[in-house]
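Student: Sequence and predicted model, in that order:
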Amino acid sequence: MFRLLGVTINEQEPIASTLTRVFGIGRQDARILCQSLNLAPQTKCTNISGYKISLLSELVRRNCTVLGERRSIIKNNISLLKSLHCYKGVRHRERLPVRGQRTRSNAVTARKSQHNGVPGSY
């Protein structure tokens, strides 16, 4: 096992699936990163040299917004929606589903974090 950008990578899994464990890298980004280094997405991490791994981490740092930077961008976007008082911002502020899900019977999961009492009691 080795670490890539602070995430522990399992050496027995294919490189494309292990890259998706890094917050901010999806399947398509992982495929593009593998293609840029001439690696097959199915290549196991044990078959990749240390030089390629260092190139991969440098490539991710330069071209992708990942981890804390990505989280701060998302948080800033949500706070912008809240400050604009648009529909999505109001839904975020009230901790209700934002994307049109029903609230009559299934919004318990979205509202769970509002309760500070005993877990499981609504």
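Tutor: Looks like it came in fine.
Student: Helices along the protein, start to end?
Tutor: Taking DSSP state H as the test, the helices found in the chain are 15-19, 27-36, 50-63, 67-84, 87-93, 108-111.
Student: quick one: contacts for S36?
Tutor: Contacts here follow C-beta atoms under 8 Å, 6 or more residues apart in numbering; on that basis S36 touches L59. Yep, even glycine has a C-beta here, placed from its N, CA and C like the rest.
Student: Could you list the single helix or strand in this structure with the lowest mean pLDDT?
Tutor: Ranked by mean pLDDT, DSSP states H and E, the weakest helix or strand in the chain is helix 108-111, scoring a mean of 65.
Student: Domain parsing of the protein, as residue ranges.
Tutor: Domain segmentation of the chain under automatic domain parsing yields 2-64, 68-112.
Student: Please list all residues in contact with S83.
Tutor: So S83 contacts G89 (C-beta under 8 Å, 6+ apart).
Student: ok, back up a step: tell me the most buried of the domains of the chain?
Tutor: Among those, ranked by average contacts under mean count of other C-beta atoms under 10 Å, first place goes to domain 2-64 (a mean of 15).
Student: Give me the distance from it to the chain's centre.
Tutor: Between the centre of domain 2-64 and the centre of its chain there are 15 Å (C-alpha atoms, centre = their mean, to the nearest Å).
Student: next one: stretch 62-69
Tutor: Averaging C-alpha positions (C-alpha atoms, centre = their mean) puts stretch 62-69 10 Å from its chain's average.
Student: Which of the helices of the chain sits closest to F2?
Tutor: The closest of the helices of the chain to F2 is helix 50-63. By C-beta to C-beta, the value is 7.0 Å.
Student: average pLDDT across that closest one?
Tutor: Helix 50-63 shows a mean pLDDT of 89.
Student: Give me the packing partners of that helix, helices and strands only.
Tutor: Counting contacts by 3 or more C-beta pairs under 8 Å, 6 or more residues apart in numbering; DSSP states H and E, helix 50-63 is packed against strand 2-4, helix 27-36.
Student: Sweet, I'm off.
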